[in-house]
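> could you look at this predicted model? Sequence included:
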Amino acid sequence: MKPTFHADPVNGPFDDPCVFVGIMREKRALLFDLGDMGRLGPGNLMKVSDIFVTHTHIDHFIGFDIILRTVLRKETPLNIYGPENIIRCVEGKLAGYTWNLIRDYPLEIEVFEMTGDVVRHASFHAANSFGRVDHAESAFTGTVVKDPFFTVKGIIVSHQIPVMAYSLEEEYHININKAAMEDRGLPVGPWLAGLKKAIRGGLPDTTLFDVAGTKLGLGELMGIVSITRGQKVSYVTDIAPTEENLQSVIPFVQGSDLLFCEAYFLERDSNRARERHHLTAALAGRIAREAGAGALELLHFSPKYRDCADEVYAEAMREFRGERQL
């Protein structure tokens, strides 16, 4: 099965957190956090449609200026999601510049702020010199984005301040059986992308597709398709090492194929972890193990471990695998 989501950290574990998720066969990408994004380049940044910010500490939000500079002429909206204060922080960033020459630019920034059980929404459009326009509030039920290709869910946890943890989920995965295609003499082509979109959109079996000059209905083509469990990617960083946080996060990331998780401190520095409201590597491993994650990708290490990063990985992986340390 070819994964739908291709998720990779933009930076190493000692640099600003930022995860780039490309969506297969869609010229579209997602970002989790806005750390330093200089490595991505304009081509990748222009694909970004949605940004999910955990909180606005400088190492998670400094990249806002980089993406803003890149996407000013973007024709489709840039959506930003985050916890309490994200609207004010975006407004403050935009207010730091002069915008008298951009009224004919197309960029529209839509910001959504999750606060308790409420979602606040504000717009910042280039045509309005990025002046803030507030919209009606709506209920926050745990779903941040519902899209035909994916769902992003979020929970609010604590880093002394409210922060968000996110999960990116594919409702189901559509697999194309190439052997069945060959048996029927069907060629590979762009029509396959349309077939998948039709399935996801719940279109009727009578929907027609032009397959190498032959009109075939959706119902006729379902014989080359199999539906399997969708992919799940979760992102957790900068949360306090409290049992309350753990009991919220573990069921939230349950069944993740890939879990991105901070491992800021080693367990030997657990007192410091509590003071700074960060997880230890062992706790990252525990979250992944108890959640049944398929893989654990560590990020966001304290600079104090630059000379012993292998210890951070080893501690987390021992806990992840349930190995006892002798």
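Now that the structure is in, tell me what you want to look at. Note that this is a predicted model, so its numbers are computed, not measured. Residues are numbered from 1 along each chain as shown.
> remind me, longest helix of this structure?
helix 309-321 (DSSP state H).
> from the contact counts, what lies against that one?
Packing partners of helix 309-321 (3 or more C-beta pairs under 8 Å, 6 or more residues apart in numbering; DSSP states H and E): helix 281-290, strand 296-299. In short, each C-beta sits where N, CA and C put it, glycine included.
> whatever helix or strand residue 144 lives in pairs with which strands, parallel or anti?
Per DSSP states H and E, residue 144 falls inside strand 143-146. Applying DSSP bridges, strand 143-146 is found paired with strand 151-158 (antiparallel).
> now do the end-to-end distance for stretch 269-284.
End-to-end distance for stretch 269-284: 14 Å, by C-alpha to C-alpha, to the nearest Å.
> so for it, mean pLDDT?
Per-region confidence: stretch 269-284 scores 97 on mean pLDDT.
> residue 79 and residue 53 touch, don't they?
No - using C-beta atoms under 8 Å, residue 79 is not in contact with residue 53; the gap is 11.1 Å.
> for residue 148, what are its contacts?
Taking C-beta atoms under 8 Å, 6 or more residues apart in numbering, we find residue 148 in contact with 197, 200, 201.
> looking at the helices and strands packed on helix 309-321, which is nearest to residue 68?
strand 296-299 (23.6 Å; C-beta to C-beta).
> other SSEs contacting that closest one?
Applying 3+ C-beta pairs under 8 Å, 6+ apart, one finds that strand 296-299 contacts strand 258-262, helix 281-290, helix 309-321.
> how many degrees apart are the second one and helix 309-321 in direction?
Using axes from the mean of the first three to the mean of the last three C-alpha atoms, to 10 degrees, the interaxial angle of helix 281-290 with respect to helix 309-321 works out to 30 degrees.
> can you check the shortest one too?
What separates the directions of strand 258-262 and helix 309-321 is an angle of 130 degrees, with the same axes, to 10 degrees.
> show me what strand 258-262 is packed up against.
By 3+ C-beta pairs under 8 Å, 6+ apart, strand 258-262 packs against strand 5-9, strand 232-236, helix 281-290, strand 296-299.
> hmm, who's touching the second one?
The one in question is strand 232-236. For strand 232-236, using C-beta under 8 Å, 6+ apart, the contacting residues are 5, 7, 19, 21, 32-33, 52, 54, 165-170, 249, 252-253, 255-262, 287, 293.
> between residue 79 and residue 53, point out the one with more neighbours.
Ranked by neighbour count (other C-beta atoms under 10 Å), residue 79 and residue 53 place residue 53 first, with 25 against 18.
> pLDDT weak spots in the stretch 151-300 of the chain?
172, 228 (pLDDT under 70).
> show me where it has strands.
151-158, 162-169, 172-176, 208-211, 214-217, 225-229, 232-236, 258-262, 296-299 (DSSP state E, counting those that start in this stretch).
> now a ChimeraX select for only the buried ones of the contacts of strand 232-236.
Buried members of the contacts of strand 232-236, defined by 16 or more other C-beta atoms under 10 Å, are picked up in ChimeraX with:
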select :5,7,19,21,32,33,52,54,165,166,167,168,169,170,249,252,253,256,257,258,259,260,261,262,287,293
